[in-house]
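>>> Below is the sequence, then the predicted model.
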Amino acid sequence: MAASEMLGAEMVIKALVDQGVEVVFGYPGGAVLPIYDALFKQNRLRHILVRHEQGAVHAAEGYARSTGKVGAVLVTSGPGATNAVTGLTDALMDSVPLVCLTGQVPTHLIGNDAFQEADTTGITRPCTKHNYLVKDVNELAHTMHEAFYVARTGRPGPVVVDLPKDVLMATGTYREPDEQAHRRYQPQTKPDPARIAAAAELIVNARKPILYGGGGLINSGPKACKLFVELVQLTGFPCTLTLMGLGALPASDPRFLGLVGMHGTYEANLAMHDCDVMINVGARFDDRVTGKVSAFSPGSKKVHIDIDPSSINKNIRVDVPVIGDAAAALEALLAQLRARRFKPDKAHLAKWWKEIDGWKARQSLRYEKSDTVIKPQYAIERLYALTRGSKPVYITTEVGQHQMWAAQLFKFDAPMHWMTSGGLGTMGYGLPAALGVQVAHPEALVIDIAGEASILMNIQEMSTIAQYSLPVKAFIINNQYMGMVRQWQELMHGARYSESYTAALPDFVKLAEAFGAKGLRATKPEEVDDVITAMLAHDGAVIADIAVDPTENCFPMIPSGAAHNEILLGPKDKAAAPASEEGMVLV
Amino acid sequence: MALRLRPKHAAEKAGRKAAPLAAAPATSATIVKRATIAILVDNEPGVLARVVGLFSGRGYNIESLTVAEVNKRDNLSRITIVTSGTAMIIEQIKAQLSRLVPVHTVRDLTAEGPHVPRELALIKVSASGEKRIESLRLADIFRARVVDATTESFVFELTGSTEKLDSFINLMEPLGLVDVSRTGVVAISRGAERF
Ligand SMILES: Cc1cc2nc3c(=O)[nH]c(=O)nc-3n(C[C@H](O)[C@H](O)[C@H](O)COP(=O)(O)OP(=O)(O)OC[C@H]3O[C@@H](n4cnc5c(N)ncnc54)[C@H](O)[C@@H]3O)c2cc1C
Ligand SMILES: Cc1ncc(C[n+]2csc(CCOP(=O)(O)OP(=O)(O)O)c2C)c(N)n1
Ligand SMILES: [Mg+2]
């Protein structure tokens, strides 16, 4: 047999290795047994056995977003594939590059309602960037390579390769990776010079500018983030970031205005509203950011740099669209500005900054401190303060108030250290994502800032964490409520707390112990530091249960359907918040 | 093939963002226009489902859709879609189509200049006496061909613009229209250029 002749299942392993995959997150089953058999006979590829396929996908997302590599997932047919769907949708919404291999019943049984058959390509068509059903073993290797190419090229996203069992067990010819072979998918990455010149022209003449950076900077990579920082430095322009863009500009940079959007800072949102030139780099004018579209930054000229033409003019009409990779576009823009010997208009900029500083003085992230009850914000501030050690720190989150407080208060000075489910808002993302991050960065400190409701959605991954001795820390902001739901009910549904209180929560300390981890609890403010210190001192997995004020709300908040200048700054603004009828139908 | 995925007009999407359409002044943001879009795709399983799923998933309108292989050597099919929406929505539709992996080219024939849109219909009419004669006479005027005849029925084949087909079918209605089968629009640009 020639060297390139092998079983389909062996090709799968070889293709993964040839694509640079080191770890695959998976769960076995009948349809993928040939792949697990091939896995057994080799030692180049590591397999992490999760406890639920959704966990595998989130783990791969955490792995991918913290390394810049394509995450790899392996699940069986039918229920294995359907369990992966939430994770795939999450990765699609947040532009995370993944390849998910799903087993399938043998080709001759497809369509017969065979045991554990599901129409995986049909089900995953709308929640993947692309998907494939491989029907011929001789197409397998090429398809695998193309899947990786599609996942990482252009706007990244998840790709499914559905593998019928007979194809895995057939013998065929392996083909080496060849980028030239994927000519049909060639997204534009180089920006149009005329558009760059137009963008530069707007920058040069701006008086009240703002830079608005997003997840596209993280997707593009460290180089784009570095160039973005250069742009901030060269221009001295104020800069805000989306939830997905945090870390693209160091939070310590004096020009950073904090998070933008629904739970963003007062200064970031008012600067977005009042600016005359907005430069969006790799953000998608999401409704969490724009609020009421018709009232969004009404007086500004807008530049939008994005690799995906469908992101442009989708929600907000822009004046200068620049299609291309953020790094390439920023490089060209910086070159233009330097060639024009650009110097920021100091006088106008100073006036603009003065206005912004006035908004900053409102201290929109301030909260009422307490000596008797742990404020969730306090717990996160202390976590931030006490993790300023030598170890790199990676933060994942679940979804809810705790996520927003983490975004507001934890300061990121580097990209790719913040993993959160933004677009889909998937409760249960944080713990498996943390697991994936920890696998990629065994020496780092990886913390899931969690809500007690969310973490229960994938709590079974504690068992995976135990199996691989991963020192993941789960820091639960335990308010006993689905706090974000409770907050909306308080503000918009007459404080009728319908089904948002979780009775009969588990004892998280005992739960930790049951999974072989360390359990810690803080119930008073003075215990918080000790618990965090003990958590950091323990070299294994920890669940820290922080019993916080159950009724605290997350501010600032722009209610759905409201404009950027209609911000609720704190509990006292409540009365002024009859959400519009138009806003009430929004989520 | 012609199918209607959503009965409502795409205007309702625009209406979600702006004020109700009736009250708003007609601007490029609110005017709903029809567009004929030609798409060249790899002829592979699932490609039509991707395109149709995109339209239904994002709430775009399909007035008609046709597909057939046009290039055997390169294994390419051409899909012609007639859709409607505001300028912003048509632009979104094109951008969304373009990012499907098996899609090679997306062209907005309506926006790009003069083009020839054609549709073919098979129209079955059952009539006798004066009505039967009248249907034949009208068919002659419209240059419809008789492709099947029995003592009580005709099947006419008619090619032309959608409007021409509509008016012929309307005329057949009182004369004994039994059934209609239409292909949906296929279109090609005028002149020597591709597409
Ligand atoms: C409870 C909750 C509350 C939220 N509140 C807020 C909030 O207050 N503020 C907020 O900002 N978000 C908030 N979000 C998140 C929000 O839903 C969106 O996920 C987020 O705003 C989108 O971020 P983004 O615009 O940076 O785009 P992303 O989703 O990160 O998309 C990236 C964009 O960059 C483009 N891109 C990708 N690769 C490249 C490249 N190489 N070069 C150039 N462009 C590229 C993509 O095409 C895309 O348009 C919240 C989420 C939840 C769950
Ligand atoms: C899978 C899923 N189901 C439902 C929701 C809706 N939802 C958003 S936040 C939230 C409450 C989260 O509660 P918790 O994890 O305790 O976080 P908290 O808001 O209290 O910090 C819910 C139910 C969701 N985002 N994801
Ligand atoms: Mg909670």
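Structure's in. What do you need? Residues are numbered from 1 along each chain as shown, chains lettered A, B, ... in the order given. Ligands and ions are numbered 1, 2, ... in the order given.

>>> Which neighbouring elements make contact with the longest strand seen in chain B?
In chain B, assigned by DSSP state E, the strand with the most residues is strand B:115-126. With contacts taken as 3 or more C-beta pairs under 8 Å, 6 or more residues apart in numbering or on different chains; DSSP states H and E, strand B:115-126 sits against strand B:153-160, helix B:162-176, strand B:177-182, strand B:186-189. Placement of C-beta: from N, CA and C, glycine included.

>>> what's the angle from it to strand B:153-160?
Here the directions of strand B:115-126 and strand B:153-160 differ by 170 degrees (axes from the mean of the first three to the mean of the last three C-alpha atoms, to 10 degrees).

>>> Give me the next element, helix or strand, following strand B:115-126.
helix B:129-142 (DSSP states H and E).

>>> So for that next one, what gets flagged as buried?
B:132, B:134, B:135, B:136, B:138, B:139, B:142 (16 or more other C-beta atoms under 10 Å in any protein chain shown).

>>> again, but for stretch A:221-239
Buried, per 16+ other C-beta under 10 Å, within stretch A:221-239: A:224-225, A:227-232, A:234-239.

>>> Please apply the same query to stretch A:125-138.
Per 16+ other C-beta under 10 Å, stretch A:125-138 contains these buried residues: A:125-135, A:137-138.

>>> ok, now stretch B:145-163?
B:153, B:154, B:155, B:156, B:158, B:160, B:162.

>>> Can I get those in a markdown table including pLDDT and distance to residue A:542?
Listed next are the buried residues of stretch B:145-163 as a markdown table, based on pLDDT from 0 to 100; distance: C-beta to C-beta, whole Å:
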| residue | pLDDT | distance to residue A:542 |
| --- | --- | --- |
| B:153 | 97 | 81 |
| B:154 | 98 | 82 |
| B:155 | 98 | 78 |
| B:156 | 98 | 79 |
| B:158 | 98 | 76 |
| B:160 | 97 | 74 |
| B:162 | 95 | 68 |
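
>>> Identify the farthest-apart pair in the residues you listed.
Within the buried residues of stretch B:145-163, B:153 and B:162 form the most distant pair, 24.5 Å apart (C-beta to C-beta).

>>> which stretches of the chain have low pLDDT?
If you meant another chain, say so; for now it's chain A. Per-residue confidence for chain A (pLDDT under 70) gives these ranges: A:1, A:574-579.

>>> not what I meant, chain B
For chain B (pLDDT under 70), the answer is B:1-26.

>>> rewinding a little: so which of the buried residues of helix B:129-142 comes closest to residue A:352?
So of those, ranked by how close each gets to residue A:352 (C-beta to C-beta), first place is residue B:142, at 67.9 Å.

>>> Quick check: the closest one touching residue B:166?
No: if you go by C-beta atoms under 8 Å, residue B:142 and residue B:166 don't touch, sitting 11.4 Å apart.

>>> Please parse chain B into its domains.
B:33-113, B:116-189 (automatic domain parsing).

>>> any idea which of these is most buried?
Highest mean neighbour count of those: domain B:33-113, a mean of 18 (counted as mean count of other C-beta atoms under 10 Å in any protein chain shown).

>>> so what's the residue of chain B found nearest chain A up against?
Among the residues of chain B, residue B:95 lies nearest to chain A; the distance is 3.7 Å by C-beta to the nearest C-beta. Residue B:95 is in contact with A:308, A:309, A:310, A:312, A:314, counting by C-beta atoms under 8 Å, 6 or more residues apart in numbering or on different chains.

>>> make it 10 Å
By C-beta atoms under 10 Å, 6 or more residues apart in numbering or on different chains, residue B:95 lies in contact with A:308, A:309, A:310, A:311, A:312, A:313, A:314, A:323, B:106.

>>> most neighbours, which of the residues you listed?
Highest neighbour count within the contacts of residue B:95: residue A:311, with 26 neighbours (other C-beta atoms under 10 Å in any protein chain shown).

>>> Now do the contacts for that residue.
A:95, A:155, A:214, A:216, A:280, A:282-286, A:304-305, A:321, A:323, B:92, B:95, B:99.

>>> Just the buried subset of these, please.
The buried subset of the contacts of residue A:311 - by 16+ other C-beta under 10 Å - is A:95, A:155, A:214, A:216, A:280, A:282-286, A:304-305, A:321, A:323, B:92, B:95, B:99.

>>> From the residues you listed, which land in strands?
Those of those lying in strands (DSSP E): A:280, A:304, A:305, A:321, A:323.

>>> Export those to CSV and append columns for distance to ligand 3.
Shown next, in CSV, are these (distance: C-beta to the ion, whole Å):
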residue, distance to ligand 3
A:280, 33
A:304, 36
A:305, 37
A:321, 40
A:323, 41
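
>>> quick one: which two of those residues are the most distant?
A:280 and A:323 (12.8 Å).

>>> May I have the residues that are in contact with residue 134?
Just going to use chain A. Residue A:134 neighbours (C-beta under 10 Å, 6+ apart): A:8, A:11-12, A:101, A:104, A:107, A:140-144, A:147, A:161-164, A:167-168.

>>> that answer is for a different chain, and I need it for chain B
B:125, B:127, B:171, B:172, B:174, B:175, B:176.

>>> Out of those, the closest to ligand 2 would be?
Nearest to ligand 2 among those, counting by C-beta to the nearest ligand atom, is residue B:172 at 54.7 Å.

>>> Format the contacts of residue B:95 as JSON lines; extra columns: secondary structure and distance to residue A:79.
Listed next are the contacts of residue B:95 as JSON lines, based on DSSP: H, G, I helix; E, B strand; the rest coil; distance: C-beta to C-beta, whole Å:
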{"residue": "A:308", "secondary structure": "coil", "distance to residue A:79": "32"}
{"residue": "A:309", "secondary structure": "helix", "distance to residue A:79": "37"}
{"residue": "A:310", "secondary structure": "helix", "distance to residue A:79": "32"}
{"residue": "A:311", "secondary structure": "helix", "distance to residue A:79": "34"}
{"residue": "A:312", "secondary structure": "coil", "distance to residue A:79": "39"}
{"residue": "A:313", "secondary structure": "coil", "distance to residue A:79": "40"}
{"residue": "A:314", "secondary structure": "coil", "distance to residue A:79": "35"}
{"residue": "A:323", "secondary structure": "strand", "distance to residue A:79": "40"}
{"residue": "B:106", "secondary structure": "strand", "distance to residue A:79": "37"}
